[in-house]
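>>> Provide a 3D model corresponding to the input given below.
(2 chains)
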Amino acid sequence: MKRKWRRVAGLGAGIALVGATAFLAAGCGGGGGNAETRTTVSGLPQSIGKGEGALNLIEWPYYSDPAFAKPFEQQTGCKIKRKDAGSSNQMVALMRTGGGGGGGEYDMVSASGDASLRLIAGGDVRPVNVDLIPSWKDFLPILQSPPHNTVGGVHYGVSLQWGPNVLLYDPNKITPAPKTWSPIYDAKYKGQISIPNNPIQIADAALYLSSTKPDLGIKDPYELTQKQFDATIDLLKQQKPLVKLYWVYDTDARSAFANGDVSLAAAWPVDTLNLQKKDVPVGETTPAKVTGWADTWMIAKRAPHPNCAYLWMKYVSTPKVQAQQALIFGETPANPKACPIMNQMEAGSCSRYHLDEPDAYYNSIKFWKTPVADCGNGEKNCIDYNEWQKAWTQITG
Amino acid sequence: MVDSALEAPGAGSSLRRARLWLSATFWRHRWVRLAVLLLPPVLAFLVVYVGALGSLFVSAFWAVDAFTGKIIHVWNLDNFRDLFGSGGTYLRIAGRTIGIAAAVTALDAIIAFPLAYYMARVAKPRMRTLLLVAILLPLWSSYLVRIYAWRTILGHDGALNWLLNKVGIGDVDLLYTNWGMLIVFTYIWLPFMVIPVYAALERIPDNFLEASADLGAKAWRTFRSVLLPLALPGIVAGSIFTFSLTLGDFITPLLVGGGKNNFIGNVVEDYIGVNSNIPFAAAFATIPVLVMALYLIIARRLGAFEAL
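Take a look at the predicted model:
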């Protein structure tokens, strides 16, 4: 359940992000942006004070699982109050009314890639001094200052967990083992393919076209001009008759795979592991270019318990907690020092969740962010998320 | 008891007078009594049902600001232009929804008629009760459970293919197709067709059929000229349920349709839940309302409301 909504609705909630355009333009652009950066950074806390005795979180269900939240409460005296969110939209709404703009109720939110930018653009979260989070320096370089939570050099949170989108295949039916995404666009496998029912899948297709049709000049799969966008939509329309299932819940993709309904699926490493545990023959490929998702803990602008918030960020970034959360949810930690602890808890789990890959692997992942009209090069001719959603309805409808 | 307790001197008599006056007024002006009696439910109906429909219809003519995500209260027809343009996507989805709803209704009527006939006119009371329970029992289980059960039946390695392989027919891939949805819908809404048809058939007096036989009509002629016309209001009443329930569903298309055979309801959910574009969702939702209104007018002509 959680999985579905974080990605579908999470990603989906595009409209308000268009507002980020204006913000990003101001932040990245001229001298005004730099001045803004300086003033914000100077206001950062230089040390973490004593905990205020409470911490109110907006989170994906169980993101403060008692397994690691209990010891935190005992150590710091910060009593955690949870508010589960079902979607990124809901997270943003809760923050608007009770966290940032509205105020004073919530301290933190575990925002996913798209929501994080919306919250920054809306002024709902405050800059964070990452120097106070010792483990931050150990993070995978790509997750230290990723564009979905760091704007103009200012950090608005600390990365938490992430996952790549990978290709699952049935080794008995698909030979030789695929190395790229091409099988899911191949008419040979008609009726055996499952992909996520999610407009962000357009980015995956754009990424595929960036290698197969280099003359389109696609550099960032989330920043597409009209011509690049049209070519991508054409590819997805050709793909539709081949697709057996556009999955909404990743458990649906699993069961379709286990029941022999599909033999190729774009899904997550956790699905591979789950199928392997059930002795379903399954292979996993991470093609050279993939998309991925990532979550960030952010502090509300008017957080009533900022010290507890910093203590929590510090705590959840430590290797042990990172490992615990990763194995509870089937995610990959941002902190690779969690690797040996993961292996201790479950032999071989570190490499199964791709936490011991070379840098080239991580650099190839395009973490999702919601598409906006601003292409990032000063031009405003990119297709925004609203259009992505409409196009997706037309493809699958 | 209460009256006598209230009959204190002075206060009691004025209260009594008021009561008498009230009942006299109600007696003299019947409409006042009627108004007092009906006003609360009618008001609730107007506000809850008609009001909701009205606001739905009105918001279909508004727009959403792409920048802020807020609804702009400016009258325009853009939503309807998108609905009928956009490469025919939405018309295709509406056509699929209405087509499958009609097919489900027809299929349910064909299955329900002989079943209801047997229950109403042939089966012994014991058997009749047993069948009624068997038909109604699934309604006690969760709708979702039944859909998931069908997914395991229709899946590639499911019970259906296992059976077909046993008898040597081979695999059929019904899950995530329109055919799969048709089967699941037909199963799920069947009780809503059987019950009204059963009620209609049970009401036909035996001597009608005897008279038909006495006049020399064969079984087929009796069915066509006596049974079917008398049962028709029941069939139409059942069809109102099966048609409208299918028309408004979005869970079966989601779970059995595979995401590529969307219904109107799926698009509405997408636009409200993911995109926060309520005006467009409202515009699309007016289509099933119009279709259903048309359907009800026809059903009334066929006398379905007398059989409800």
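
>>> Show me the strands in chain B, by range?
Remark: strands assigned in chain B by DSSP state E are B:63-64, B:71-72.

>>> who wins for proximity to chain A among those?
Closest of these to chain A is strand B:63-64, at 7.2 Å (criterion: C-beta to the nearest C-beta). Every residue, glycine included, has its C-beta placed from N, CA and C.

>>> List the strands paired with the closest one, with their directions.
strand B:71-72 (antiparallel) (DSSP bridges).

>>> how far out from the middle of the chain is the strand it pairs with?
The chain centre lies 32 Å from the centre of strand B:71-72; the measure is C-alpha atoms, centre = their mean, to the nearest Å.

>>> Now do the contacts for the closest residue in space to A:V243 that isn't next to it in sequence.
Among residues not flanking A:V243 along the chain, A:I193 sits closest, at 5.1 Å (C-beta to C-beta, 6 or more residues apart in numbering or on different chains). For A:I193, the contact set (C-beta atoms under 8 Å, 6 or more residues apart in numbering or on different chains) comprises A:P183, A:I184, A:Q239, A:L242, A:V243, A:K244, A:V262, A:L264, A:A265.

>>> Out of the strands of chain B, which one sits most buried?
Of all the strands of chain B, strand B:63-64 has the most neighbours on average by mean count of other C-beta atoms under 10 Å in any protein chain shown, namely a mean of 18.

>>> That one - what's its average pLDDT?
Regarding strand B:63-64, the rounded mean pLDDT is 81.

>>> Show the low-confidence segments of chain B, by residue range.
B:1-12, B:65-70, B:273-276, B:306-308 (pLDDT under 70).

>>> Any chance of the backbone angles for the residue in it positioned nearest to chain A?
Proximity to chain A, evaluated over chain B using C-beta to the nearest C-beta, is greatest for B:G259 at 2.9 Å. For B:G259, the backbone dihedrals (degrees, to the nearest 10) come out as phi 80, psi 0.

>>> How about the contacts made by residue 240?
If you meant another chain, say so; for now it's chain A. A:K240 touches A:I395, A:T396, B:K260, counting by C-beta under 8 Å, 6+ apart.

>>> my question was about chain B
B:Y295, B:L296, B:A299, B:A304.

>>> Between the residues you listed, which sits nearest A:D356?
Set against A:D356, the nearest of these by C-beta to C-beta is B:Y295 (61.7 Å).

>>> For the closest residue to the closest one other than its chain neighbours, list the residues it contacts.
In this structure, B:Y295 finds its nearest non-sequential neighbour in B:F243, 6.2 Å apart by C-beta to C-beta, 6+ apart. When contacts are counted by C-beta under 8 Å, 6+ apart, B:F243 touches B:A101, B:A102, B:V104, B:T105, B:M292, B:Y295.

>>> Which pair in those has the greatest spatial separation?
B:V104 and B:M292 (14.6 Å).

>>> which of these two has more neighbours?
B:V104 (28 against 17; other C-beta atoms under 10 Å in any protein chain shown).

>>> right, and the more buried one touches B:L190 too?
No. With contact defined as C-beta atoms under 8 Å, B:V104 does not count as touching B:L190 (9.4 Å).

>>> if we can go back for a sec, so the residue nearest to the residue of chain B closest to chain A when sequence neighbours are not counted, which state does it fall into?
Ranked by C-beta to C-beta, 6+ apart and with sequence neighbours excluded, the top spatial neighbour of B:G259 is A:Y246, at 2.9 Å. Following DSSP: H, G, I helix; E, B strand; the rest coil, the label given to A:Y246 is strand.

>>> what's around A:I48, how many residues?
With other C-beta under 10 Å as criterion, A:I48 counts 18.

>>> show me what contacts it?
Applying C-beta under 8 Å, 6+ apart, we find A:I48 in contact with A:L132, A:N307, A:Y310, A:L311, A:K314.

>>> elements contacting the one helix or strand A:S255 maps to?
In the assignment (DSSP states H and E), A:S255 maps to helix A:250-258. Using 3 or more C-beta pairs under 8 Å, 6 or more residues apart in numbering or on different chains; DSSP states H and E, the elements in contact with helix A:250-258 are helix A:2-12, strand A:193-196, strand A:243-247, strand A:264-267, helix A:269-277.

>>> make it 10 Å
helix A:2-12, strand A:166-169, strand A:193-196, strand A:243-247, strand A:264-267, helix A:269-277, helix B:143-154 (3 or more C-beta pairs under 10 Å, 6 or more residues apart in numbering or on different chains; DSSP states H and E).

>>> tally of neighbours for residue 122?
Using chain A here. A:G122 has 19 neighbours, counted by other C-beta under 10 Å.

>>> right idea, wrong chain: chain B
Other residues within reach of B:V122, judged by other C-beta under 10 Å, total 10.

>>> The one 10 residues further on now?
B:L132 is surrounded by 16 other residues when neighbours are defined as other C-beta under 10 Å.

>>> Isn't it up against B:I195?
Yes. Under the criterion of C-beta atoms under 10 Å, B:L132 makes contact with B:I195 at 8.5 Å.

>>> thinking again about what came up before, ok, the contacts of A:I48 vs chain B, which is closest?
A:Y310 (31.4 Å).

>>> any idea which element that closest one lies in?
Element membership for A:Y310, per DSSP H and E: helix A:306-316.

>>> Identify each buried residue in that helix, please.
A:P306, A:N307, A:C308, A:A309, A:Y310, A:L311, A:W312, A:M313, A:K314, A:Y315, A:V316 (16 or more other C-beta atoms under 10 Å in any protein chain shown).

>>> I'd like to know how far the residue of the stretch 201-350 of chain A at minimum distance from chain B sits from A:A266.
The stretch 201-350 of chain A approaches chain B most closely through A:Y246 (2.9 Å), counting by C-beta to the nearest C-beta. Counting by C-beta to C-beta, to the nearest Å, the gap from A:Y246 to A:A266 is 10 Å.
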